[in-house]
Each structure stands twice: as structure tokens, then as C-alpha cells.
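**Q** Just need the structure, nothing else, for what follows:
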Amino acid sequence: MTQRDDYLARIGGLIRDARQHSGLTQAQLAAQLRTSQSAINRIEKGAQNLTLDMLARIGSVLDSELVSVNVGAATGPSHLRVEGGTTLSGSIDVKSSKNAGVALLCAALLNEGTTVLRKVARIEEVNRILEVLESIGVGVEWLNDENDLRLDVPRVLDLAAMDVDAARRTRSIIMFLGPLMHRVDRFELPYAGGCDLGTRTVEPHMMALRPFGLKVVATEGSYHAEAASGVGPERPIVLIERGDTVTENALLAAARHDGVTVIRNASPNYMVQDLCFFLQKIGVEIEGIGTTTLRVTGKAVINTDVEYAPSEDPIEAMSLVAAAIVTQSSITVRRVPIEFLEIELALLEEMGFNYDRSDEYRAENGHTRLVDITTHASTLRAPIDKIHPMPFPGLNIDNLPFFAVIAAMAEGQTMLHDWVYENRAIYLTELNKLGAQVTLLDPHRVLIEGPTHWSAAELMCPPALRPAVVVLLAMLAAKGTSVLRNIYVIHRGYEDLADRLNALGANIETFRDI
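**A** Reported below is the predicted structural model:
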């Protein structure tokens, strides 16, 4: 194989993986690119010449950093080179919640006053939402190096000018439904391919919003929404799924309904609580925060100048604790939202994890309880029972993958049961390439045998955020040089993760080679 053929084959493999992660068939991708399925097939096999323009178009549709063009700079996806086997030390602050930040950006559409959000995570998911907001006329200004963000929402939004490409690159766009239904009678929202109206992840949103008079028809690539004014729930809304974004959408709809809305089977998770606290600051009355029943008294018009600081991210906190565990390090993780990590820490204690915990103090939102955690090198043993997630206050579904790399450090067999997501458990078998013993029992369950003697390797980044970070953490523990390729998915949920780990003593280099 020539160097050119190898280049095309590598690009083709990246495109295939990104397409499959997006849930698109070759025919659906071809339709969005206005080309043929046979052309997509040739591209994925490395048998088709590609222009930079085509690569950029493919990357935009698939939400993958397949190519970047920057005069005088290297082009291509970002990779990480990890010199593993080092011990971490020092202190690190947990950054603000990604998921809360995204919800609050959507909630700003409710407010005709000025909204200032403090210490917003500057990650790709936030960037996509901001691109959409700016395109429809929202004033967006980063105020300082602390990542404080000012949003000014005009009385009339220019929805016809919406940045469709940015909107398709974030699943969070569905949370525009709740706010926009109170501002315009008819509107259209693009959505990512492969996300059909009747699927499990979308239909609960529709059921939550129909009582407010919202009708949605899905066509190829778009939601066509029609809102009826003056309509509100006649009885409590019962969510068929205790989902975070579903609960948030119901809250956003209820916030500007001039009446009382009761939401049952609501998620009480961290991002939902942050949204509730924000809505209270702009004049919405909410009872039952932190429970599964919310009683919301909305306001037909909201015009308030408001400042709000979302709380810290419990998933990032878990990531940092896991980094300490797998590298046998003593570090201090500051500003940990303890009420959203208590189950995880109790389970780690059962496995033999040793740590110190400070007294509790309040986050800047005035509500969330924080602590500082100092980790100690520990000898772990496998838990007696399987590890599985549950809705809050259970073990968080996004924290489950971190127990794969932790269990690989423990003596004995550990079963992880990821019953929520189809096929995400499969990505955890990538740890085998670094020396772990992970057996896939079915698309939802893996069996992990420890302890592991980690070894360096070169891997393609899994297309799922948390498994991708899990692989990176295992590379920190593996002596030698590892390479993690195409890390765009990590940038979607973490801000400067490599640099921040380096500040603790890791040796991670970002590079491009295409």
C-alpha cells in the first residue's frame, strides 16, 4: 500500500466510525452531502480522492473534527500522545457543569432581560449552542478570562437565519422547543440525522410538551412546531421517562405558562436543580426541587436582569478521582458537588478506596453542597454485587464507565451493567488493547478481571464521551507511550482536560499528523 492509499484508508476509517456513531446509514449521509451511496462506500474504503471542502462538509454533517483548515498550521484531527506511568500530585478545581451550562443557555431564551452566566464551560457543546443563539439574533459576549458570559435576547428572534449546521451538531437543540413555543406560533428546528420522532430519546419530550399546546411534525432533518397560545396542562404531567433533558424541556415550557404546572416522575439530577435555581432567580416559583415532583408557577412575561453561577460538574469530579485511583496518586480535587457523588464514593469505599473529605460548603449558586476530596493510593478489591446506574440519587449513568477502568485496578471480577444505553458498554472493551481483561457479555454488560498490568498502545478514540476519557485515564496508568487519535469527542465535554492533567504531573501532548 502506498503512502497515499494509507492516508485515504485512515480518513475512510474515521468517516465510517463517525457516521456509525451519528446513527446514519451510508444512504442518509450521501443524501445530506448530495452525493451517491456508492461514493460514500468508496470513501469509507479509502478508494476515493477527497478535497478539503468535501472533508469539511463531511465533518460538519457528522459532527466530527475530520479536518480543520488554518493558514500556517497543521491540518487534521487532534490526537493525544501520553507518556504513562507517572504519578499525579497537587490540587485541581472542578469546573462548572457542562450539562447545566447547556440548559441555562437554552433557558436564557425565556428572559427578555440580560442574563449573565458565571464560569461557563468553554466546550464544543456550548460553542454549538452559542453559534445557534447568535445566528437568531441573541447578543453573546464573553466578559473575561473567568468565562463569564452575557446574553441579550431580542424581543423578536430571527429564526429564519438560524445556523442550521451548528444546530445539527448538538442534540441539545431539542431544548429550544420549550422556550420558543412561548415566543412564536410556528417555527422549525433542525435535528441530527438518525434521530427520528418516534425514538425513545425524543418521544418523551413530545409527550411532555403537548399539554402546553405544542404540536410537532418531523420531516427529514427538521422538527416543524406549531404552538397554541393560552393552552396549559389540565392535570399533572407524568413523564414516561425520568430523563434530564425531558424534565428540563418541561420546566422551560412551564416557566412562561401563566399558571401552575405539576411535573411528576421528574429528574432531580444536578443539571435540573441548577435550571430550577436559575428559573427561581428570574421570578418563576418552583416547589419540590431535588424531588421527583415539581410544582411550577410560571410567568407569561419574563424581563429580568439576572446573574447566575452554575454549580460544579460531578462527572468531571468523578473523572479526576478516577485519574488519581488508576495512577495510584494523592491529589486534592476541590469543589466536588458531594450530593451527586455520594453513591459513587460509598461504592469506592467498599472497594477499598482511601480518601479524606473536607467539611461541606456552598457553591456560588447558594444551594449545591461542595467538599474537597484528597485521594490516597489504595489497594482495591472487586465489589460483591454488580455495578449499575440508577436515576438520581443513584449512581449516575455518566459515571458508570469510570468504574470500568477502576475495576480493572481491583482484585477479582466486577460486572458493569449499562442498562440505559444501547451498545455503549462495547466501547469499554477498548481497554483490552491497553492490557485490561474486559469481557463483553452482551451490548449492556461487561465483566472485568483485575488487577491489570497496563501496557501502552495506540487507539482510535471511542465515539462516546465518557468511554473516550476512560481510555485516556488508562493510558495515564500504562508505562510507555500511548496515542489516542481523533479526540474531538473529548472536547465536547471537557475544557482543557489534557493541560489540566499535565498541571498535576501527567505528560500529555496534543498533536496533528494529517
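**Q** which residues are contacting stretch 215-230?
**A** Contact partners of stretch 215-230, identified using CB atoms under 8 Å, 6 or more residues apart in numbering, comprise 31-32, 168, 174, 177, 180-182, 184-191, 193, 196-197, 206, 209, 212-214. C-beta here means a position set from N, CA and C on the backbone, and glycine is covered the same way.
**Q** same thing but 7 Å
**A** Under the criterion CB atoms under 7 Å, 6 or more residues apart in numbering, residues 177, 181, 185-191, 193, 196-197, 206, 213-214 lie in contact with stretch 215-230.
**Q** Repeat that for stretch 390-402.
**A** Contacts with stretch 390-402, where a contact means CB under 7 Å, 6+ apart, come from 242, 267-269, 314-315, 318-319, 322, 340, 343-344, 347, 387, 389, 416, 418, 420, 428, 466-467, 470.
**Q** which among those residues end up buried?
**A** 242, 267-269, 314-315, 318-319, 322, 340, 343-344, 347, 387, 389, 416, 418, 428, 466-467, 470 (16 or more other CB atoms under 10 Å).
**Q** Which members of the contacts of stretch 390-402 are positioned in helices?
**A** Among the contacts of stretch 390-402, DSSP state H puts 314-315, 318-319, 322, 343-344, 347, 466-467, 470 in helices.
**Q** just those now: which is nearest residue 105?
**A** The shortest distance between residue 105 and any of the ones in helices among the contacts of stretch 390-402, using CB to CB, involves residue 315 and amounts to 18.1 Å.
**Q** Tell me the confidence at that closest one?
**A** At residue 315 the predicted local distance difference test score is 96.
**Q** Tell me how many other residues surround residue 497.
**A** Residues lying near residue 497 (other CB atoms under 10 Å) number 23.
**Q** give the contact list for it.
**A** So residue 497 contacts residue 490 (CB under 7 Å, 6+ apart).
**Q** what's it sitting at in phi/psi?
**A** phi -60, psi -50 (degrees, to the nearest 10).
**Q** confidence score at it?
**A** Here the pLDDT value assigned to residue 497 is 93.
**Q** what about residue 119, is that helix, strand or coil?
**A** For residue 119, the reduced secondary structure class is coil; criterion used: DSSP: H, G, I helix; E, B strand; the rest coil.
**Q** so what's it closest to, chain neighbours aside?
**A** Leaving aside its chain neighbours, residue 119 sits nearest to residue 96 (4.8 Å; criterion: CB to CB, 6 or more residues apart in numbering).
**Q** Could you do residue 94 as well?
**A** For residue 94, ignoring the flanking residues on the chain, the nearest one in space by CB to CB, 6+ apart is residue 312 at 4.2 Å.
**Q** do the same with residue 89
**A** residue 505 (5.4 Å).
**Q** quick one: low-confidence ranges for this structure?
**A** Low-confidence segments of the chain, defined by pLDDT under 70, span residues 1-7, 21-23, 51-53, 56, 60, 63-76, 192-201, 513-514.
**Q** got the contact list for stretch 416-431?
**A** 386-389, 397, 400-401, 403-405, 408, 438, 440, 443-446, 448, 459, 462, 464, 467, 470-471, 474.
**Q** Also stretch 354-373?
**A** Here stretch 354-373 makes contact (CB under 7 Å, 6+ apart) with 118, 274, 277, 308-312, 321, 332-339, 374-376, 378.
**Q** What is the linear distance spanned by it between its boundary residues?
**A** 10 Å (CA to CA, to the nearest Å).
**Q** Pull out the buried positions in it.
**A** Judged by neighbour count (16+ other CB under 10 Å), stretch 354-373 contains these buried residues: 355, 363-365, 367-368, 370-373.
**Q** And for stretch 36-56?
**A** Along stretch 36-56, the positions that meet the burial threshold by neighbour count (16+ other CB under 10 Å) are 40-41, 43-44, 46, 48, 50, 54-55.
**Q** hmm, which two among the residues you listed are most spread apart?
**A** The widest separation within those, taken as CB to CB, falls between 41 and 55 and amounts to 16.8 Å.
**Q** ok, of the buried residues of stretch 36-56, which one's closest to residue 249?
**A** Distance ranking of the buried residues of stretch 36-56 against residue 249, using CB to CB, places residue 40 first at 33.6 Å.
**Q** Can you verify my assumption that that closest one contacts residue 26?
**A** Yes. With contact taken as CB atoms under 7 Å, residue 40 and residue 26 are classed as touching, separated by 4.4 Å.
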